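A.B. asks: I would like to see how this sequence folds:
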Amino acid sequence: MIAVKAVRLRAQVEGRVQGVGFRYFVLDNAQPLDITGWVRNRWDGTVEVLAEGTKDSLETLLAAIQRGPRRHTTTEVRYDWLAATGEFTSFRIRRTE
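C.D. replies: Model (predicted):
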């Protein structure tokens, strides 16, 4: 059996992404992909995502983030690929920070 290496995605989404169900949209897309981590609103009006999983599953999540829910308007998605730490056990919504 070949072990699949986990990676980490850190993304910041700008635009009209608060008050439109964006965090729940990310949660609903992450859970079926067995992605762990979190999503939260930021005080500056952006949404931040920190997620771990396979590169394929995270690329699927990133495509969903770039597409977004119906009522949003994304102006920019900045993201980085990092080494996974394995610190998460599930995917959840965190408090605004």
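A.B. asks: ok, residue 60 - contacts?
C.D. replies: Listed by C-beta atoms under 8 Å, 6 or more residues apart in numbering, the contact set of residue 60 reads 29, 33. The way it works is simple: take the backbone N, C-alpha and C, and place the C-beta from them, glycine included.
A.B. asks: likewise for residue 66?
C.D. replies: Taking C-beta under 8 Å, 6+ apart, we find residue 66 in contact with 74, 77.
A.B. asks: please enumerate the strands of this protein.
C.D. replies: 6-16, 36-41, 47-54, 73-83, 91-93 (DSSP state E).
A.B. asks: can I get the fourth one in PDB? Just the C-alpha atoms.
C.D. replies: It stands for strand 73-83. Output of strand 73-83 as PDB, limited to C-alpha atoms (Å, rounded to 0.1, in the frame of the first residue of the first chain):
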ATOM      1  CA  THR A  73     -18.400  38.000  -5.000                       C
ATOM      2  CA  THR A  74     -14.800  36.900  -4.800                       C
ATOM      3  CA  THR A  75     -12.200  39.500  -5.900                       C
ATOM      4  CA  GLU A  76      -9.100  37.600  -5.100                       C
ATOM      5  CA  VAL A  77      -8.000  34.200  -3.600                       C
ATOM      6  CA  ARG A  78      -4.400  34.200  -2.300                       C
ATOM      7  CA  TYR A  79      -3.000  30.800  -1.300                       C
ATOM      8  CA  ASP A  80       0.100  29.000  -0.300                       C
ATOM      9  CA  TRP A  81       1.100  25.300  -0.200                       C
ATOM     10  CA  LEU A  82       2.800  24.300   3.100                       C
ATOM     11  CA  ALA A  83       3.900  21.100   4.800                       C
END
